[in-house]
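1. quick one: sequence and predicted model below, then my questions.
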Amino acid sequence: MAFLAKHRKEELIALADDMGIEISTNDKKIDICKKVKDSPDFEEEFVRGCLEEIVRQREELKAQAQAEAAELKAQAEAAELKRIESLRQEREFELEKMRISNATEVNSVASTRSENSKNRLSLKNLMQKFDAQVSDISMYLALFERQARTAGIEETEWVPQLISLLPLDLAQIIIKEPEEKMQDYLNVKEVLLDRFKMKPETFRIKFTQHQKKTGALWRELVFELRNYLDGWLDELEVRDFEILKNIMI
């Protein structure tokens with residue numbers, strides 16, 4: 001009976017079932033072995049063969065279950081890989097749409113800027129070139145700024161527009177400025193005012209002594225006086241009424 005004891009309890013239960021031996025739920029492994037041994041149908045070689053077949057079937061079922069589990073795992077992994085690949089392709093598709101959209105937007109902006117550049121007004125068609133013999137630089141710059149705003153020209157474009165209206169010697173002064181300063185209209189304006197020695201005292205004298213020209217309109221006089229006053233106060237950095245009062249009185 002020693003060979004029977006080497007087998008699993010479930011294998012012995014299967015053997016007993018094949019041999020028609022009644023087994024209770026309370027039977028232990030040793031009890032099953034004894035019932036098999038005491039069975040009138042017990043024949044050692046036959047029982048060995050039955051057990052070998054039971055073990056073989058159990059191993060086959062185990063292998064089959066493992067194979068099925070491996071197949072299910074492989075299918076799950078394949079499904080996950082497919083899902084990940086689908087998400088990757090979807091992301092790439094969305095990114096490509098964004099790239100196309102951005103490229104279209106950039107091209108549209110570039111086209112708009114190009115069109116605006118073509119249609120941009122040139123102040124050369126609206127103003128005479130500056131002539132230091134007949135024009136006051138501060139008055140000319142004030143008129144230039146007004147015309148530029150009226151024409152809808154952005155301040156970033158003011159410097160090249162102004163340079164096109166200046167004589168060569170003044171244009172060269174601006175061009176010699178560092179690039180970042182040359183593109184700053186307020187800096188260019190300061191350079192030109194300094195070139196013509198438009199200091200606070202100069203603006204003050206012009207403001208207090210300026211008179212209406214023959215044939216000129218009163219609104220032209222107001223514009224000119226306002227320009228001289230603004231230049232005077234800006235140069236002195238007047239920012240409140242008290243300082244203004246002290247200067248004027």
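-> Sure thing, it's come through.

2. how much space between the residue lying farthest from the centre of the chain and Cys50?
-> Distance to the chain centre peaks in the chain at Pro40, reaching 87.5 Å (criterion: CA atoms, centre = their mean). As judged by CB to CB, to the nearest Å, Pro40 and Cys50 stand 15 Å apart. In short, each C-beta sits where N, CA and C put it, glycine included.

3. tell me the SS of the residue farthest from the centre of the chain?
-> Secondary structure state of Pro40, per DSSP: H, G, I helix; E, B strand; the rest coil, is coil.

4. cool, Thr25 as well?
-> Taking three-state DSSP, the label given to Thr25 is coil.

5. how many neighbouring residues does it have?
-> Applying other CB atoms under 10 Å, we find 4 residues neighbouring Thr25.

6. do Cys50 as well
-> Neighbours of Cys50 using other CB under 10 Å come to 17.

7. report the contact partners of it.
-> 15, 18-19 (CB atoms under 8 Å, 6 or more residues apart in numbering).

8. mind pulling up the pLDDT for Val106?
-> Per-residue confidence at Val106 stands at 61 (pLDDT).

9. with Phe207 instead?
-> So, for Phe207, pLDDT stands at 60.

10. same question for Ser86.
-> As summarised for this prediction, Ser86 has a pLDDT of 87.

11. what's the answer for Ala69, then?
-> For Ala69, the model assigns a pLDDT of 90.

12. which SSE is immediately downstream of the helix or strand harbouring it?
-> Assigned by DSSP states H and E, Ala69 falls within helix 44-119. Per DSSP H and E, the first helix or strand lying C-terminal to helix 44-119 is helix 137-150.

13. any buried residues in that next one, and which?
-> Residues of helix 137-150 classed as buried by neighbour count (16 or more other CB atoms under 10 Å): 137-145, 147-148.

14. which of those lies closest to Asn102?
-> Asn102 lies nearest to Ala148 out of those, by CB to CB, at 32.5 Å.

15. quick check: that closest one vs Lys189, distance?
-> For Ala148, the distance to Lys189 equals 12 Å [CB to CB].

16. any idea how the chain splits into domains?
-> The record's domain parsing of the chain by the TED database lists 1-111, 123-248.

17. out of these, indicate the one that is most buried.
-> domain 123-248 (a mean of 14; mean count of other CB atoms under 10 Å).

18. re the thing from before, same list (the contacts of Cys50) but as a markdown table, adding distance to Gln183.
-> Formatted as a markdown table, the contacts of Cys50 follow (distance: CB to CB, whole Å):
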| residue | distance to Gln183 |
| --- | --- |
| Leu15 | 100 |
| Asp18 | 101 |
| Met19 | 105 |
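
19. so who does Lys124 touch?
-> Shown in contact with Lys124 (CB under 8 Å, 6+ apart): 164-165.

20. do the same with the one 3 residues further on
-> For Met127, the residues meeting the contact criterion (CB under 8 Å, 6+ apart) are 143-144, 147, 165.

21. with Asp131 instead?
-> Pro167.

22. how close does Ser39 sit to Asp31?
-> Per CB to CB, Ser39 is found 13 Å from Asp31.

23. for Ile84, same thing?
-> According to CB to CB, Ile84 and Asp31 sit 55 Å apart.

24. same question for Gln172.
-> Distance of Gln172 to Asp31, computed by CB to CB: 118 Å.

25. what do you get for Ile21?
-> 11 Å.

26. may I ask which helix or strand of the chain has the lowest mean pLDDT?
-> helix 241-248 (a mean of 57; mean pLDDT, DSSP states H and E).
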